[in-house]
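Enquirer: Any chance you can model this:
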Amino acid sequence: MKKLPILMTNLFLGFLTLQAQNAIVGDGFSSGWGSFNSNSNFEYFGPSFGSSYIKTDFADGSGNQYFRLGIDWSSTYAQNTITVGSDVQVFSETEYTLNSNNTASGAMFINVGSTSYFYVFKTKDAGVNPSRQFIFFEVQGNIRSVSSVSQSPVSPNNNQSVLVTATLDGSFSSGQGAYLRYTTDNWANSTILEMTGSGTSYSATIPAQTGGTTIRYYVFTSGDGLSINHSKADWYTINANTNGGSNYTYESILPITLSSFISLPKTHAIQLRWSTSSEINNSHFEVERSANGADWDMLGKVNGHGTTSVPREYAFEDPTPLAGLNYYRLRQVDFDGTFAFSPVVVESMECLDAGALQVWPVPAASTVNLRWNGAEETTVEVLDAQGRLLRTLRIAPNGQFELPVGEFSSSLLFLRTVNAQGEVSIRKVVLM
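Expert: Residues are numbered from 1 along each chain as shown. Have a look, this model is predicted:
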């Protein structure tokens, strides 16, 4: 067992803001210890992914092998370790933050099992004021890289997951694993999954994404069995297949392009109408209704048109609407069983009673349709939420009127009618 003697600590405080972790020095992994204020015996790191730096090496022997991280930046030379004045054993796949003082006293050491093992040293960054964060990976055999990447399906639909398969240039040795990194927001955030497999084939699944979402991904190798978060992905990367730096990209395809979806009240029913401008593998629509917008029941099914770029029109009638508000949505189903929901439309049944004032649509955007089912002419007063009279209308028996509501500043209107018997009826209109 070789033991490095503890030497007198030397401090060069003026160097601290100029140091960068960019070399390895020590007789465990380089030709010697050099001098704490020179770059002799330094073996240099090279740029890696993001701001990280990397060096791959064999140990010079088995058992405890000693080293420090060397600094050579802007003509400034230094050596860093974890604890000045003490030798500290370090372990694969473990993060360390080094002491910022330049020293020739104390070192790090790895208990090397075989001189055939590869050691991959990584620093998180470099420069005049690095974070001095350090990690290494022990790979007990040849270091493998990802030679190719494929996905299935190539063009996923809405709510369809994607299986990504990586092919290696050889089987992994203990200490190296494959990881899939993907993003849905152009790398502002990302998710990293450890891939599973054997031999030269490993895979992982990107979960289904909402139609229209762009997904970017690549495959990288690191230590094995790790949980890696977004901020550490570059630091932990040994090598990667990034599709030549462009990343692999696909867009989750919308199975249909819904042009419109509306509800229209009838005397004792509610009709739903919708249209599409294009469809991909569209098997059918299931029409669903809810009384509260949360619990849904299926009312019926309308067949789709498969794959088409021709605009299509659809209709469905609910012959027995619920009293009060009725919420409707479409559940669009592909031939493979994947599905997506449409926006929700709301219609009120309270305005459909025979002999009363019908009001639609509810809620309203720019125009409200009024139909008076009474046998005699009636007066309709339009009031705001404070009860102030905004407008007075006269509607003939069984007459209809189109009321523009965009001119009103209130988001809530009340329509008050009085029949021949003096009975007052009030309808509420919510404006979008």
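Enquirer: So in that sheet, which strands flank the lowest-mean-pLDDT helix or strand in the chain, and in what orientation?
Expert: For the chain, using mean pLDDT, DSSP states H and E, the weakest element among its helices and strands is strand 424-430, scoring a mean of 74. Looking at strand 424-430 with DSSP bridges, its partner strands are strand 412-418 (antiparallel).
Enquirer: Provide a list of residues in contact with the closest residue to W187 other than its chain neighbours.
Expert: Spatial nearest neighbour of W187, excluding adjacent residues (Cβ to Cβ, 6 or more residues apart in numbering): R216 at 7.1 Å. Any C-beta I mention is one placed from the backbone N, CA and C, and that applies to glycine too. Taking Cβ atoms under 8 Å, 6 or more residues apart in numbering, we find R216 in contact with 182-183, 186-187, 247-249.
Enquirer: could I get these as TSV with pLDDT and distance to L370?
Expert: Formatted as TSV, the contacts of R216 follow (pLDDT from 0 to 100; distance: Cβ to Cβ, whole Å):
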residue	pLDDT	distance to L370
Y182	98	53
T183	97	51
N186	94	49
W187	96	53
N247	96	56
Y248	97	56
T249	95	52
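Enquirer: Nearest to N369, out of those: which one, please.
Expert: N186 (44.8 Å; Cβ to Cβ).
Enquirer: Just give me the neighbour total for that closest one.
Expert: 10 (other Cβ atoms under 10 Å).
Enquirer: Just give the nearest non-adjacent residue to it, would you?
Expert: R216 (6.8 Å).
Enquirer: which residues does the one you found bridge with?
Expert: T183, T249.
Enquirer: List the contacts of the most centrally placed residue in the chain.
Expert: By Cα atoms, centre = their mean, the chain has its centre lying nearest to T184, at 4.2 Å. Shown in contact with T184 (Cβ under 8 Å, 6+ apart): 209, 213-215.
Enquirer: Touching, S252 and A208? I think so.
Expert: Yes. S252 lies in contact with A208 (Cβ atoms under 8 Å); the separation is 7.5 Å.
Enquirer: quick one: which of the two has more around it?
Expert: A direct count of neighbours by other Cβ under 10 Å for S252 and A208 places S252 higher, at 23 against 16.
Enquirer: I'd like the distance between that one and H305.
Expert: 21 Å (Cβ to Cβ, to the nearest Å).
Enquirer: what does W73 give?
Expert: Here W73 is placed at a distance of 65 Å from H305 (Cβ to Cβ).
Enquirer: Pick out whichever of those two has more residues nearby.
Expert: Shown here are W73 and H305; by other Cβ under 10 Å, W73 has more neighbours (19 against 15).
Enquirer: Show me the beta-bridge partners of L413.
Expert: D384, V429.
Enquirer: Next up, the contacts around it.
Expert: 382-385, 390, 405, 428-429, 431.
Enquirer: repeat that for 7 Å
Expert: Counting by Cβ atoms under 7 Å, 6 or more residues apart in numbering, L413 makes contact with 382-384, 405, 429, 431.
Enquirer: can I get those in TSV with distance to K301 and neighbour count?
Expert: Below are the contacts of L413 laid out as TSV (distance: Cβ to Cβ, whole Å; neighbours: other Cβ atoms under 10 Å):
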residue	distance to K301	neighbour count
V382	41	21
L383	43	17
D384	43	15
V405	35	18
V429	33	24
L431	34	16
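Enquirer: Let's have those residues in TSV, adding distance to N142.
Expert: Shown next, in TSV, are the contacts of L413 (distance: Cβ to Cβ, whole Å):
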residue	distance to N142
V382	81
L383	82
D384	79
V405	74
V429	74
L431	70
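Enquirer: between those residues, which is nearest L322?
Expert: L322 has its nearest neighbour among the contacts of L413 in V429, at 19.4 Å by Cβ to Cβ.
Enquirer: In this structure that closest one contacts V359, no?
Expert: Yes. Here V429 lies in contact with V359, judged by Cβ atoms under 7 Å, at a distance of 6.2 Å.
Enquirer: Over to stretch 88-103 now: how far is its first residue from its last?
Expert: Its first and final residues considered, stretch 88-103 spans 14 Å by Cα to Cα, to the nearest Å.
Enquirer: Can you list the low-confidence ranges for the chain?
Expert: Along the chain, segments meeting pLDDT under 70 span 1-21, 128, 158-159, 254, 267, 324, 348-356, 362, 385-386, 419-424.
Enquirer: Look up phi and psi at D57.
Expert: Dihedral pair for D57: phi -160, psi 160, per degrees, to the nearest 10.
Enquirer: Was I right to think it contacts Y119?
Expert: Yes. Using Cβ under 7 Å, D57 is in contact with Y119, at 5.5 Å.
Enquirer: Compare these two and say which is more crowded by neighbours.
Expert: Between D57 and Y119, counted using other Cβ under 10 Å, Y119 has the larger neighbour count: 22 against 16.
Enquirer: Going by contacts, tell me the helices and strands next to the helix or strand containing that one.
Expert: Following DSSP states H and E, one finds Y119 within strand 118-123. Secondary-structure packing of strand 118-123 (3 or more Cβ pairs under 7 Å, 6 or more residues apart in numbering; DSSP states H and E): strand 53-57, strand 133-139.
Enquirer: now do 10 Å
Expert: On a contact count with 3 or more Cβ pairs under 10 Å, 6 or more residues apart in numbering; DSSP states H and E, strand 118-123 meets strand 23-25, strand 53-57, strand 63-73, strand 133-139, strand 214-222, helix 233-236.
Enquirer: of all the ones you listed, which lies closest to V112?
Expert: The nearest among these, by Cβ to Cβ, is strand 63-73 at 5.0 Å.
Enquirer: In its sheet, which strands sit next to that closest one, and in what direction?
Expert: When DSSP bridges is applied, strand 63-73 pairs with strand 23-25 (antiparallel), strand 76-80 (antiparallel), strand 108-112 (antiparallel).
Enquirer: Quick check: which of these is buried the most?
Expert: Highest mean neighbour count of these: strand 23-25, a mean of 27 (counted as mean count of other Cβ atoms under 10 Å).
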